[in-house]
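K.L.:
model the following, please.
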Amino acid sequence: MKRIIYVFMTLMLMFGLCSCGESSNPQTKENSPTSKIIYDSEIATVDFIKVSDSVLEGMFDIYLKVENKSTEKFTMYLNDVSINGTMVEVGSGVPCDVLSGKNRTHGFFGKLENIGIASTSEIKEISFSIWLRDSSMNEIETTEQLTIEL
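P.N.:
Coordinates of the predicted model:
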């Protein structure tokens, strides 16, 4: 039992040290430090927070804040994402679920090499539509294509 606790504590310490080292990486850059409303309806408000180089080498992160103004929980997805005119796949570690009357800041990620760039400092334009779905995946709302100029 002591061995298991020792291994667990060692792994936790290693992950803690790795996280500290990664977050202080001087190559991490942000293109947009300010929040900007990009969509507002009776159901939801979505703010663009920033796009940044990920702590994972060769990846980018897009951060959005979504407010649920409806009376039901929904999940937000990004669709038809393009960066600098190149269509890209973006993912998320967990679904962007937002309870009624709540808000959430959520990150979506993708590979820089799929855009043909080395850093988010080269990103000039991000475009996507937002899908809002209920727990049965029924459409609540889908936006037109939204474009963010950086």
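K.L.:
low-confidence stretches in the protein?
P.N.:
Applying pLDDT under 70 to the chain flags the ranges 1-34.
K.L.:
got the contact list for the spatially most central residue of the chain?
P.N.:
Note on the chain: the residue nearest the mean C-alpha position is residue 107, at 1.8 Å, using C-alpha atoms, centre = their mean. Contacts were defined as C-beta atoms under 8 Å, 6 or more residues apart in numbering; by that measure residue 107 touches 61-63, 92-93. For glycine as for every other residue, the C-beta is placed from the backbone atoms N, C-alpha and C.
K.L.:
so how far is residue 35 from it?
P.N.:
14 Å (C-beta to C-beta, to the nearest Å).
K.L.:
cool, and residue 45?
P.N.:
Taken as C-beta to C-beta, the span from residue 45 to residue 35 is 11 Å.
K.L.:
and for residue 136?
P.N.:
Counting by C-beta to C-beta - residue 136 and residue 35 are separated by 31 Å.
K.L.:
list the contacts for residue 145?
P.N.:
The contact partners of residue 145, taken as C-beta under 8 Å, 6+ apart, are 80, 127-129.
K.L.:
for the protein, which segments are assigned as helices?
P.N.:
Secondary structure of the chain (DSSP state H): helices at 2-23.
K.L.:
how about the strands in it?
P.N.:
Counting by DSSP state E, one finds strands in the chain at the ranges 36-40, 44-53, 59-68, 74-83, 86-87, 96-98, 103-111, 125-133, 139-142, 146-149.
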